[in-house]
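Engineer: Following is a predicted model, sequence given first.
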Amino acid sequence: RQLPLFVLAVLAFAGAQALPEEREREVVPILKSEIFKSADGSYDSVYETGDGTSHNEKATVVDKGTEEEALEVKGSYKYINDQGQEVEVFYTAGKNGFVPYGSIINPEITAVAEAAKDLPKLEETQKLN
């Protein structure tokens, strides 16, 4: 009878040792958080944190009052990477898709996204057929 208790004790000890140790997480203060919304759907938003992370975004309504009405968004975000370097990414988004650019974005991705903006949309190709 002592053997099963010993085996259980060993297994419990080994299991406890195998559990990942949860790291203490640093609390990062929010220094700024603002959102300004307009009745037409446009908006401005910004936030900044104590660890150097920030995000800015502005959306405007284009082709207002038409079937083509949409939001066009321009923005950026930045953060400090694991090597302590500041990384910043800029982007646009809207009727012509999402286009990111920045030092960490592969230039080929940006080029393809830029080129895709000029391609006909699905609705346009269906109208042609």
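Structural biologist: That came through fine. Values in this document were obtained by computation on a predicted structure and should not be read as measured data. Residues are numbered from 1 along each chain as shown.

Engineer: for G41, what are its contacts?
Structural biologist: By Cβ atoms under 8 Å, 6 or more residues apart in numbering, the contact set of G41 is A59, V61, L71. For glycine as for every other residue, the C-beta is placed from the backbone atoms N, C-alpha and C.

Engineer: mind listing what the helix or strand where E57 lies pairs with, with the direction of each?
Structural biologist: Per DSSP states H and E, E57 falls inside strand 54-62. Strand 54-62 has these partner strands in its sheet, going by DSSP bridges: strand 43-49 (antiparallel), strand 70-80 (antiparallel).

Engineer: just the strands in this structure please.
Structural biologist: 30-37, 43-49, 54-62, 70-80, 86-94, 97-102 (DSSP state E).

Engineer: Contacts for the second one, please.
Structural biologist: With Cβ under 8 Å, 6+ apart as the contact definition, strand 43-49 has outside contacts at 28-37, 54-59.

Engineer: That strand: which residues count as buried?
Structural biologist: For strand 43-49, burial by neighbour count (16 or more other Cβ atoms under 10 Å) applies to Y47, E48.
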